[in-house]
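Peer 1: generate a structure from the sequence data that follows.
(chains A, B, C and D, ligands or ions: 4)
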Amino acid sequence: MPSLNMVKALNLALNEGLREDEDVVIMGEDVGQDEGVFRVTENLLKKYGRDRVIDTPLAEGAIVGTAVGMALYGMKPVCEMQFSGFAYQAYHQIEGHMSRYRNRTRGRYNMPIVVRMPFGGGIRAIEHHSESREALYAHNPGLKMVVCSTPRNARALLLESIRHPDPVIFFEPKAVYRAFKEEVPDEPETMPIGKAQVVREGSDITLISYGAMMRPTLEAAADLTDDDGVSVEVLDLLTVSPLDTETLTKSVAKTGRAVVIHEGPRTCGVGAEVVARIVETCFYHLEAPVRRITGYDVHFPYFAREQAFLPGADRITHAARETLAC
Amino acid sequence: MPSLNMVKALNLALNEGLREDEDVVIMGEDVGQDEGVFRVTENLLKKYGRDRVIDTPLAEGAIVGTAVGMALYGMKPVCEMQFSGFAYQAYHQIEGHMSRYRNRTRGRYNMPIVVRMPFGGGIRAIEHHSESREALYAHNPGLKMVVCSTPRNARALLLESIRHPDPVIFFEPKAVYRAFKEEVPDEPETMPIGKAQVVREGSDITLISYGAMMRPTLEAAADLTDDDGVSVEVLDLLTVSPLDTETLTKSVAKTGRAVVIHEGPRTCGVGAEVVARIVETCFYHLEAPVRRITGYDVHFPYFAREQAFLPGADRITHAARETLAC
Amino acid sequence: MARKKITVDHKLEYLAILDEHGKIDDGLDPKLDDNTLLEMHRLMLTTRLLDDRLLAMQRQGKIGTYAPIRGQEAVQIATAMTLTPDDWMLQSFREPGVCYYRGWPIHTIMQFWGGYEEGCTVPEGINDTPICVPVASQFPHVTGVAWAMKIKGKETVALGYIGDGATSEGDFHEALTFAGVYDVPAVFVIVNNQWAISHPREMQTRAATLAQKAGGYGIDGIQVDGNDPLAIYVATTEAVAKARAGGGPTLIEAVTYRLIMHTTADDPKKYRDEADVKVWEKRDPLIRFDQYLRDKGLLDDERDAAMRDEIKKIIKEGVTQYEANRDVDPRDCFKYLYEDVPEELKQQAAEFDAALQREGVTIGH
Amino acid sequence: MARKKITVDHKLEYLAILDEHGKIDDGLDPKLDDNTLLEMHRLMLTTRLLDDRLLAMQRQGKIGTYAPIRGQEAVQIATAMTLTPDDWMLQSFREPGVCYYRGWPIHTIMQFWGGYEEGCTVPEGINDTPICVPVASQFPHVTGVAWAMKIKGKETVALGYIGDGATSEGDFHEALTFAGVYDVPAVFVIVNNQWAISHPREMQTRAATLAQKAGGYGIDGIQVDGNDPLAIYVATTEAVAKARAGGGPTLIEAVTYRLIMHTTADDPKKYRDEADVKVWEKRDPLIRFDQYLRDKGLLDDERDAAMRDEIKKIIKEGVTQYEANRDVDPRDCFKYLYEDVPEELKQQAAEFDAALQREGVTIGH
Ligand SMILES: Cc1ncc(C[n+]2csc(CCOP(=O)(O)OP(=O)(O)O)c2C)c(N)n1
Ligand SMILES: Cc1ncc(C[n+]2csc(CCOP(=O)(O)OP(=O)(O)O)c2C)c(N)n1
Ligand SMILES: [Mg+2]
Ligand SMILES: [Mg+2]
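Peer 2: Ligands and ions are numbered 1, 2, ... in the order given. Next comes the predicted model:
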């Protein structure tokens, strides 16, 4: 079991995807010769050649649009958007075709496409390089919206996404890319899409998050246990759509209290959906209002202000304490 | 006070906007010579000429993108997207610039742009002509997201939007375009952006909706009163972002029960946000879980199936009864 | 060290073979055999009669808004006839004739306009895509399909259609950029019918021709008389052969005219002069081809009448099939979205089912 | 009735005046006066030294990732010098020299790369836009500004910059399509530095030149030696004059080279041959212009040294200003989004404020 950072773990999954299925191709800006601006595609061009690892011209709409065409012909493209902030240029292809083709043709054409994109703040990047808009894709029928949070689940979820018959938007928290290492099994490992994970068990309160926010969330959980003697359950959603309501319900029915945490804007964000689901499925177990610790409804600040802006463990413990005090 | 349908009422507001401010221009596909595919821009080219009412080539991205340029220069473009389903082609300009320019330049440049689009189902249209994705824009910081529901508020809100210094996405429920007439004052009338309206007062339950769904919602309210003797309060959100939490809170704090209704997909929709706000502000007044009657998380069906698909008064009364039974 | 004119070094041509009086340019005559000529005629006539029928069905309330194609039959049939079944055809939304030629059942074509997803259910074995509503968005797919063919080492071709208006969309540009760079076996057909709803071609771009846009992508371009089935056939045959042989993509502009409204919801009197329409009515591809075949002795009134009867029978059968399949189950909107229906959708499906039962709706249209 | 070549009827030229040895083509010499030539030199040198300084600041951790411009000074200065303050300049993200010429304070230029919105706060009175990060997305704005000028009857021009890579984006196509149709007073400058990060120009489009893309929009195109300030100046002056006189838009391709990494996060060794870079280093615009001025007797070592000292002082002052303004209030992210802050944002701002107080953060960087 090698110990890998997330970049290497993702690279491993891509390598496995390319190796096990000839129809898998990788395409995007600077993914070949340059091996990706974050080096996620390291060595892949060398290993698989120009027909499998494709440096495209600079046009996100056409990356997804031509991937749709390739998928129609039976291939399984794995596209990279260099940053999630440039995926809007492809949104009409994602919404209009990638998410619709199967339904439109009543299953005649599948869209086994993965669109990978680094998202989120924390790496001192310029404008349009730090946002979190998973809710855009969660709101879009026909897509699966996956967010990894550690090297191991990144590899397992990406490999599963590549094998998946339906289109997957795959968000990679770039603040985690090189933040830490984790043991990743040698043998191909996958995790199911649509399943949340209980990453810490507890009985007093549930903290719900995903992506880079898992780290301050787990930190807050540890603080709450250490400092306040609270038993904290922590869920990593992993798939934001379809949401794993069952795991959510089970946990909150037990704890009666929840805080949901994400970086993206609050209004109509994933947090809103989580609250609505909890209300629908365990209203009578709720002992306190479910709180949201999220990015505010403003544009992600330029990086001089980002550390102050990003939700950290303090804000989460504070919200948890307020929830516990109800 | 003429009695006008929504198309004529919108036309009135556009006419007033053009008349009172030389910097206002209208631009879009077929808005000039053809007077709009729904005739919302009737007579305007004749009256104001080619420099004020502009037939553009077929490219939504450039309609919004050039409007951003015009706004930089001090003009106030009112853009039409022929159908909201084609606004994705412009999403990168809406998200990337229209919603950001003021913040980015710390107020040096305003974006007094209105992007009008017909949305929603019910008119037997082909694919991409029936969806409701107001949540996309509500989730996008820097935009105001307005939805009119009757001729009178359509005129008042559109005129206000044209005068508004910040960018407004203006959704027009095309199922209402010619559905009924309403008296509309002769003198320019406006309604504030960001204020919901209590359109029916009641004390037992709050029904919350907007756009075309106001009609089945009001029908349901009448049925519940007539058949069940229930006192129903009905809110028309009118602006879905920023949401009028105050009016929402006041109503639900009073009734303790609520159902939120919209056509768009459920996950991360406006309904989710409404539920989350209610939980945040009046959790202790809630007597029952807040229910959502919405479009399902699938693509809007082709029109042979749309009447069955669209939420109607039955579904709303049913949800209300369940809520009241708690 | 210079001030010099740049010459763009790509093939850019104009081609016309059969004039509006049915007179052929002998030097350019592709010398198709009689059967092929008669088949071309039969297919164009079928397209015309099918179009008429769909218009009538709209007026009868049997289908919804319909986008007719009168006047554009030649570009449909003469391009489609150059393809083999292994080649791919990616349509815009005004190609019923192409679909018919490619083997789509007539009732499937009708179903799209009737509001049924069944109209997008491409029959197994036919390598086509269904109607694409957001204009130009199908063009990157053409490039993608062709690119996949090239990667897989196939000697097949992807051919796509687009309107003149749609060439202004970014998707057009990106599709041709990628097609040029990867030198894919694609043929891009612009059906320049002079109008994008009410917007005339001259106001769509300041370029004198749409064909010359090819130069911006370093690929060959050709403008053809889009009402001349022989010119279209020749140009497309060349483009397809070139693509098949690994010679890369071609952009074809077929100059034709929409003789009728944009859709049944449109009133062309608001934006164009009926006199212009009259001019183009004389250039109708059916008139000139009919004349040509008669001059050649391949057609007379009797054969024409027999052919029409036969076609009408086929169309009528399509209508019957269409009518017989109008009951649909609205609950199946959950069924095809994903290969496996996720739990949350199953619950929504159950919710919908319960609602329909309460409302007394189960199936219907 | 024909098979004939289509000739695209628009001006498409190549222009070079000053070669890499500083030798001028006398027939094309624009005969600028000595002051203008010296000013051009001073500005290019300022751009070079500012670029060096920003690189150094990145290494010192004073700013974040930086996109250097070494080698591209000529296209910046020689285009900018053709504009009046009433004209508009819409930048891409690699135009510090243009900003300096247009009057942006140096510390404002630094602030963008330091992670401050203050770096996008275009000073009042300067008709420019800030750095635009999504490539090509600024081009529709160029068209829009120019269109507004035309509607308002102004005799001004909007000039925008874009990279070679960015020409593949749909926004490029749509911006030029609209500009052509409405014949707006715009000048579109492609800074073809041969690379889009690791992607070479030849793989960006199959077209032999980027200038020829103009033909697709029916507008004039010109390719210039982008390391030759005189050629750029002449071509841009002509384009600006034409636009100002109501003659419509022009596309200018300036062929230059990025002599350094894409950004400080990039390693060009991964994708390009150092030998190619060496070739282009000899074509450095600063070298040839320096030589030209020396040959003309306008420059010598002494004057050069004095000029450099003066420029360094100005840049140093900018750094001092930058350093003195690094404390920012993160709470102001709510302040500028809307003209009036909505109630819900006020509440979120209060929530943020309370959080920062608990966390002991108030202002900082
Ligand atoms: C992206 C997009 N925007 C707008 C529309 C609405 N619309 C449908 S057809 C049409 C005109 C298309 O013109 P053209 O491309 O010339 O094709 P034609 O209708 O003439 O066949 C428009 C604007 C659309 N379908 N897709
Ligand atoms: C829409 C978009 N996609 C991707 C990027 C990431 N990116 C930044 S610069 C760049 C290359 C740009 O190349 P070019 O247009 O030639 O400009 P240059 O960097 O050479 O000045 C890319 C891909 C971006 N900024 N915007
Ligand atoms: Mg057309
Ligand atoms: Mg470049």
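
Peer 1: you'd agree A:Glu233 is in a strand?
Peer 2: Yes. Using DSSP: H, G, I helix; E, B strand; the rest coil, the assignment for A:Glu233 is a strand.

Peer 1: counting neighbours, what do you get for the residue nearest to it when sequence neighbours are not counted?
Peer 2: Take A:Glu233 and drop its neighbours on the chain: the residue closest to it by Cβ to Cβ, 6 or more residues apart in numbering or on different chains is A:Gly202, 3.9 Å away. Bear in mind the C-beta positions are built from the backbone N, C-alpha and C, glycine included. Using other Cβ atoms under 10 Å in any protein chain shown, A:Gly202 has 19 other residues around it.

Peer 1: quick check, A:Gly202 in contact with A:Val232.
Peer 2: Yes. Counting by Cβ atoms under 8 Å, A:Gly202 does reach A:Val232; the two are 4.2 Å apart.

Peer 1: quick one: common contacting residues for those two?
Peer 2: Common contacts of A:Gly202 and A:Val232 (Cβ atoms under 8 Å, 6 or more residues apart in numbering or on different chains): A:Ala221, A:Thr225.

Peer 1: ranges for the strands of the stretch 201-326 of chain A?
Peer 2: Under the criterion DSSP state E, counting those that start in this stretch, the stretch 201-326 of chain A carries strands at the ranges A:205-209, A:232-236, A:239-241, A:258-265, A:291-295.

Peer 1: so which residues on the stretch 1-150 of chain C come close to chain B?
Peer 2: With Cβ under 8 Å from any Cβ of the partner chain as the criterion, the stretch 1-150 of chain C meets chain B at residues C:64-65, C:112-117, C:119-120, C:131, C:133-135.

Peer 1: filter the residues you listed down to the ones in helices?
Peer 2: Judged by DSSP state H, helices contain the following of these: C:Phe112, C:Trp113.

Peer 1: what is the nearest of the residues of the stretch 1-150 of chain C next to chain B to ligand 2?
Peer 2: Checking these against ligand 2 by Cβ to the nearest ligand atom gives C:Pro134 as the nearest, at 19.9 Å.

Peer 1: check contacts around the nearest residue to the closest one once chain neighbours are set aside.
Peer 2: Once flanking residues are discounted, C:Pro134 sits nearest to A:Gly96: 5.1 Å by Cβ to Cβ, 6+ apart. Taking Cβ under 8 Å, 6+ apart, we find A:Gly96 in contact with B:Gly85, B:Tyr88, B:His128, C:Pro134, C:Ser137.

Peer 1: can you pick the most crowded of the residues you listed?
Peer 2: For the contacts of A:Gly96, the largest number of neighbours (other Cβ under 10 Å) sits with C:Ser137, at 28 neighbours.

Peer 1: got a list of what the residue of the stretch 201-326 of chain A found nearest ligand 3 touches?
Peer 2: Nearest to ligand 3 in the stretch 201-326 of chain A, going by Cβ to the ion, is A:Cys268, at a distance of 37.3 Å. A:Cys268 makes contact with A:Ala135, A:His139, B:Ala135, B:Ala138, B:His139, B:Ser241, B:Cys268, B:Gly269, B:Val270, B:Ala272, B:Glu273 under the criterion Cβ under 8 Å, 6+ apart.

Peer 1: the residue in the stretch 151-300 of chain A that ligand 3 sits nearest to and chain D, how far apart?
Peer 2: As assessed by Cβ to the ion, ligand 3 sits closest to A:Pro167 within the stretch 151-300 of chain A, at 31.0 Å. Separation of A:Pro167 from chain D (Cβ to the nearest Cβ, to the nearest Å): 21 Å.
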